[in-house]
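In: here you go, sequence then predicted model.
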Amino acid sequence: MQFRQQALAKLQSPEELDLPVRFARPQGWLVLSVTVVAMAAASVWAVTGSVTSTVGAPAVLTHGQGSYVLQSPVSGQVTAVLARQGERLAADSPVLKVRTAEGDTVVRSLDAGRVSALAATVGQIIRTGANVASVEKVAHAGDPLYATVYVPAENAAAIPADAPVDLTVQSVPSQEYGVLRGHVQSVDRSAQSAQSIGAFLGDAQLGEQFTEDGRPVAVTVRLDTSASTKSGYAWSSAGGPPYDLTSMTLATGSIRLAGQRPVDWLLP
């Protein structure tokens, strides 16, 4: 009843046409302006901008030429170990002496390099083809280190040349010394098997480990150098760790992928 009386009163009263009508408050205009500007900026970014993403993968610091596994050409008993782990050898250097039924045989290195692992001990009985040592191929003691990052194959096409890479080195506390800096030097587009990785690194176990989730591609990373650090390489911290880096050190690499146009995923 009250609503009916109000409606009749409104019909009987003359229209107030001379009063100004307020369509929006100043605060409303401000909100509308900000919304329009934001939408315009988003539209421009969707067409011209890009989304940067990264891919993380296991990595190993090496001298770039890889390693090889030295195998015994004969069966017999090891009577002497003539090389030491960490020792640099010339090509055709003696590594082991093996006593066979025909006499003593010396097992020699194939190429010059550094002995990264010895798998034979004095008194051990070995068979023909047995792995007796792992030798990293390095010509000179001052040769630079590289990082080999084993990236999932589906990400290989998105890795641009010279892309920046951050390496979290397993033996270096990242909270204190930061990450190692580098840039992509090359991308091997062919998928790596456990055997090929094991042959390159001289470690079959790493080959199995890096292929647990599928066959990756090998990305060679050139480490950034710095004259102001003990290691000779650039770190995210000012000085990096107060010691040198060694080859065959494990790390985790984070590679920045090529920017993707956001309009590709904003639009259906």
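Out: Yes, it's here.
In: tell me the mean pLDDT over stretch 62-71?
Out: Per-residue pLDDT values over stretch 62-71 give a mean of 84.
In: the stretch 1-150 of the chain: strands as residue ranges?
Out: For the stretch 1-150 of the chain, applying DSSP state E, counting those that start in this stretch gives strands covering 54-62, 67-71, 76-81, 88-89, 94-100, 103-108, 113-118, 125-126, 131-136, 146-152.
In: dump those into a markdown table; add mean neighbour count as well.
Out: C-beta: built from backbone N, CA, C; applies to glycine. Output for the strands of the stretch 1-150 of the chain, formatted as a markdown table (neighbours: other Cβ atoms under 10 Å):
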| stretch | mean neighbour count |
| --- | --- |
| strand 54-62 | 20 |
| strand 67-71 | 21 |
| strand 76-81 | 17 |
| strand 88-89 | 19 |
| strand 94-100 | 19 |
| strand 103-108 | 15 |
| strand 113-118 | 21 |
| strand 125-126 | 16 |
| strand 131-136 | 22 |
| strand 146-152 | 23 |
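In: JSON lines for the ones you listed, including distance to residue 206?
Out: As requested, the strands of the stretch 1-150 of the chain are arranged in JSON lines below (distance: least, Cβ to Cβ, whole Å):
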{"stretch": "strand 54-62", "distance to residue 206": "7"}
{"stretch": "strand 67-71", "distance to residue 206": "10"}
{"stretch": "strand 76-81", "distance to residue 206": "24"}
{"stretch": "strand 88-89", "distance to residue 206": "22"}
{"stretch": "strand 94-100", "distance to residue 206": "22"}
{"stretch": "strand 103-108", "distance to residue 206": "23"}
{"stretch": "strand 113-118", "distance to residue 206": "11"}
{"stretch": "strand 125-126", "distance to residue 206": "22"}
{"stretch": "strand 131-136", "distance to residue 206": "11"}
{"stretch": "strand 146-152", "distance to residue 206": "9"}
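In: so which of these gets nearest residue 183?
Out: Closest of the strands of the stretch 1-150 of the chain to residue 183 is strand 146-152, at 10.3 Å (criterion: Cβ to Cβ).
In: how far is the closest one from where the chain is centred?
Out: Computed by Cα atoms, centre = their mean, to the nearest Å, the chain-centroid distance of strand 146-152 equals 5 Å.
In: roughly how far out does the helix or strand following it sit from the chain middle?
Out: On the C-terminal side of strand 146-152, the closest following helix or strand by DSSP states H and E is strand 164-169. Its chain's C-alpha centre and that of strand 164-169 lie 6 Å apart, by Cα atoms, centre = their mean.
In: show me what counts as buried in strand 164-169.
Out: Neighbour-count burial for strand 164-169, counted by 16 or more other Cβ atoms under 10 Å, picks out 165-169.
In: of those, closest to residue 79?
Out: Using Cβ to Cβ, residue 169 is the member of the buried residues of strand 164-169 that sits closest to residue 79, with 39.4 Å.
In: do you know how far the closest one is from residue 59?
Out: With distances taken as Cβ to Cβ, to the nearest Å, residue 169 is found 9 Å from residue 59.
In: any common contacting residues for those two?
Out: Among the neighbours of residue 169, those also in contact with residue 59 (Cβ atoms under 8 Å, 6 or more residues apart in numbering) are residue 251.
In: how about the helices in the stretch 101-250 of the chain?
Out: Secondary structure of the stretch 101-250 of the chain, counting by DSSP state H, counting those that start in this stretch: helices at 174-177, 194-201, 204-210.
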